[in-house]
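In: predicted model and sequence below, questions to follow.
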Amino acid sequence: MAPTPSGDLDQTVDPGQVQASGRAVLETGHVDIGPRLHDGKWTIQIHDDHAVPSVWRDPAETVLRVRDTAELQVPDDESYAFLGSAPGETVHVVPQTEKPGVVWIGWNTQDPAVMAAISRGVTLNLRGVQGPGAVTVFLQSGNLGAPRVLWSSAKPYPQPLWVETNTHTHANWVFAKTGTYLLAVDVTADLADGSTATARTILRLAVGDSTDPADAFGATFTGPLPSAPVSPAAVAAPAAAGSNALLFVAIAVIATLLLVAALVWRQSTVRRRAGDTR
């Protein structure tokens, strides 16, 4: 189910990379989703590395087509129960490592203008999924360790994912049924100047050879979506926040103990002086 992660994820995005125009159906090769700061405007775009030379594409004009070459059977392994599909059931999987004939979907924070503007990273946030079946995005280490679920349409939204600056990552994307899928995503970045930038988009996917990409171009996201973006600081340092809370509790406990000890010492002193007087 989860191939060994590719060891060659190094890439550099050309600051002069052009913005493509017109509709495109990408069904093979390397593509990344990521923030782009273009003409002073924050956007989420698709970095099409399959094109020569590479270009940026508008998600509204792009369909990621997952052909039947991506079909796999769900293994009879309890570790994959989070997929929500029965063992042996056929699903479409965009794998963590590139597979011939399957579009290879990842994400990056490597737009030079973005890297110059953000402080540490961004929050890539899944706000909703609309489609005929479940969608799951997960990572798995090369030694087939336990899967780490990043996004799942079976869980409540929003689902924030912290991505550090100059990151390029690929994961396993699993689609339970064929059909048209719309994924509502946003990106929020704390900028080096102290301000915050946010951009939103809808990713369009046509899963299965029987699905017409034209349906994905014409589809509209009609479901409810959470309105408030997720702060990058809240995602990037949850452990630190927890540690601070524990620190405050520890300080309060120590202060209470010191106060009790002082009161006991004072009462003991008063009794001793009273005895001396008698």
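Out: Thanks, I have it. Keep in mind that this is a model prediction, so the values were computed, not measured. Numbers count the residues shown, from 1 in each chain.

In: where does this protein dip in pLDDT?
Out: Applying pLDDT under 70 to the chain picks out residues 1-9, 143-144, 228-278.

In: mind doing that once more with 80?
Out: Along the chain, segments meeting pLDDT under 80 span 1-10, 142-145, 227-278.

In: residue nearest the centroid of it?
Out: Nearest to the geometric centre of the chain sits residue 161, at 3.2 Å (CA atoms, centre = their mean).

In: which residues does that residue bridge with?
Out: Applying DSSP bridges to residue 161 gives these bridge partners: residue 124.

In: buried set for stretch 64-77?
Out: Buried residues in stretch 64-77, defined by neighbour count with 16 or more other CB atoms under 10 Å: 64-67, 70, 74. For every residue, glycine as well, the C-beta is placed using N, CA and C.

In: now do the same contact list for the residue nearest to the centre of the chain.
Out: The contact partners of residue 161, taken as CB atoms under 8 Å, 6 or more residues apart in numbering, are 123-126, 150-151, 235.

In: for these, which ChimeraX command selects only the ones that are buried?
Out: Only the buried entries of those go into this ChimeraX selection, using 16+ other CB under 10 Å:
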select :123,124,125,126,150,151,235
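
In: make a markdown table from the contacts of residue 161 and add distance to residue 90 to it.
Out: Listed next are those as a markdown table, based on distance: CB to CB, whole Å:
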| residue | distance to residue 90 |
| --- | --- |
| 123 | 34 |
| 124 | 29 |
| 125 | 30 |
| 126 | 24 |
| 150 | 23 |
| 151 | 21 |
| 235 | 34 |
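
In: ok, of the contacts of residue 161, which one's closest to residue 194?
Out: Set against residue 194, the nearest of these by CB to CB is residue 123 (16.7 Å).

In: ok, that closest one touching residue 187?
Out: Yes. With contact defined as CB atoms under 8 Å, residue 123 counts as touching residue 187 (6.8 Å).

In: residue 214: what secondary structure?
Out: helix (DSSP: H, G, I helix; E, B strand; the rest coil).

In: how near is it to residue 175?
Out: Distance of residue 214 to residue 175, given as CB to CB, to the nearest Å: 18 Å.

In: these two: who's more crowded?
Out: Between residue 214 and residue 175, counted using other CB atoms under 10 Å, the more crowded position is residue 175 (23 against 13).

In: which ones are touching the more buried one?
Out: Counting by CB under 8 Å, 6+ apart, residue 175 has contacts 66, 91-93, 131, 133-135, 181, 205, 207.

In: can you show me the strands along the stretch 1-150 of the chain?
Out: 24-26, 29-38, 41-48, 55-57, 62-66, 71-73, 90-94, 103-108, 118-130, 135-139, 148-152 (DSSP state E, counting those that start in this stretch).

In: out of the contacts of residue 175, what pair is the most spread apart?
Out: With CB to CB as the measure, no two of the contacts of residue 175 lie farther apart than 93 and 131, at 15.2 Å.

In: neighbour count winner among those two?
Out: Using other CB under 10 Å, the more surrounded residue of residue 93 and residue 131 is residue 93, with 23 against 20.

In: state the distance from the residue lying closest to that one once chain neighbours are set aside to residue 95.
Out: Spatial nearest neighbour of residue 93, chain neighbours left out: residue 72 (4.8 Å); criterion: CB to CB, 6 or more residues apart in numbering. The gap separating residue 72 from residue 95 is 8 Å, by CB to CB.

In: and residue 55, by the same measure?
Out: Using CB to CB, we find residue 55 at a distance of 24 Å from residue 95.

In: same deal with residue 210?
Out: Counting by CB to CB, the gap from residue 210 to residue 95 is 21 Å.

In: who has more neighbours out of the two?
Out: A direct count of neighbours by other CB under 10 Å for residue 210 and residue 95 places residue 95 higher, at 22 against 9.
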